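Participant: Sequence first, predicted model second:
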Amino acid sequence: LKKNYCWALTIPVFSFFLAYFALQVIYARRKYKISPPETTGHPEFERIFRAQANCSEYFPIFISLLWVAGIFFHQGVAAACGLLYLYTRFKYFQGYAVAAQGRLGPLYASARLLWLLLGLALAGLLAHFFLP
């Protein structure tokens with residue numbers, strides 16, 4: 001059985017980020033006295049909450065593309081793209097927590113990395129099925 005570097009490198013890092021984002025929402029709830037299930041209140045809380053939700057919403061897309069690119073294209077390249085993607089999502093979260101405009105640069109960078117992973121996945125699948 002071949003080792004899967006995509007999962008070994010990116011899943012623990014992403015799990016850490018998901019936990020970090022969730023904790024930031026908890027801290028913001030306490031700081032601004034916003035009890036669950038409320039999702040509105042102080043603007044800083046709303047930005048932190050929205051940043052965490054946005055990062056979580058992209059998780060299935062990211063994992064799917066990472067998995068296919070790692071299996072069918074190249075594990076090392078996919079893992080590097082995955083780590084870069086996670087870094088851009090972290091910067092996205094940090095920027096969004098400060099100001100809504102702060103999310104844009106990292107958002108575009110993370111979108112480009114998702115497109116790159118999609119391209120790698122498609123190239124790997126095409127090579128797998130159409131090349132001898």
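Facilitator: Cool, got the structure.
Participant: pull the longest helix from the protein.
Facilitator: Criterion DSSP state H: the longest helix present in the chain is helix 43-72.
Participant: Give the next helix or strand downstream of it.
Facilitator: Reading on from helix 43-72 to the C-terminus, the next helix or strand found by DSSP states H and E is helix 75-98.
Participant: which residues are contacting that next one?
Facilitator: 4-6, 8-10, 13-14, 17, 21, 24, 44, 47-48, 50-52, 54-55, 58, 62, 66, 69-70, 101-107, 109-110, 113-114, 116-117, 120 (Cβ atoms under 8 Å, 6 or more residues apart in numbering). (Glycine included, C-beta is placed from N, CA and C.)
Participant: Which of the residues you listed are buried, as a ChimeraX select command?
Facilitator: To isolate the buried ones among the contacts of helix 75-98 in ChimeraX, judged by 16 or more other Cβ atoms under 10 Å, type:
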select :5,6,9,10,14,17,21,24,47,48,50,51,52,54,55,62,66,69,70,102,103,106,107,109,110,113,114,116,117,120
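Participant: Tell me how far L117 lies from A53.
Facilitator: 22 Å (Cβ to Cβ, to the nearest Å).
Participant: From P132, how far out is the nearest residue to A51 once chain neighbours are set aside?
Facilitator: Distances taken as Cβ to Cβ, 6 or more residues apart in numbering place Y96 nearest to A51, at 3.9 Å, with adjacent residues excluded. Noted for Y96: a distance of 47 Å to P132, by Cβ to Cβ.
Participant: Who has more neighbours out of those two?
Facilitator: Each of Y96 and P132 has its neighbours counted (other Cβ atoms under 10 Å); Y96 has more, 23 against 2.
Participant: Next one: that one from G119, what distance?
Facilitator: 27 Å.
Participant: what do you get for V25?
Facilitator: Counting by Cβ to Cβ - V25 and G119 are separated by 33 Å.
Participant: got any ranges where this structure has weak pLDDT?
Facilitator: The model of the chain has pLDDT under 70 over residues 1-6.
Participant: mind redoing it with 90?
Facilitator: Applying pLDDT under 90 to the chain flags the ranges 1-15, 132.
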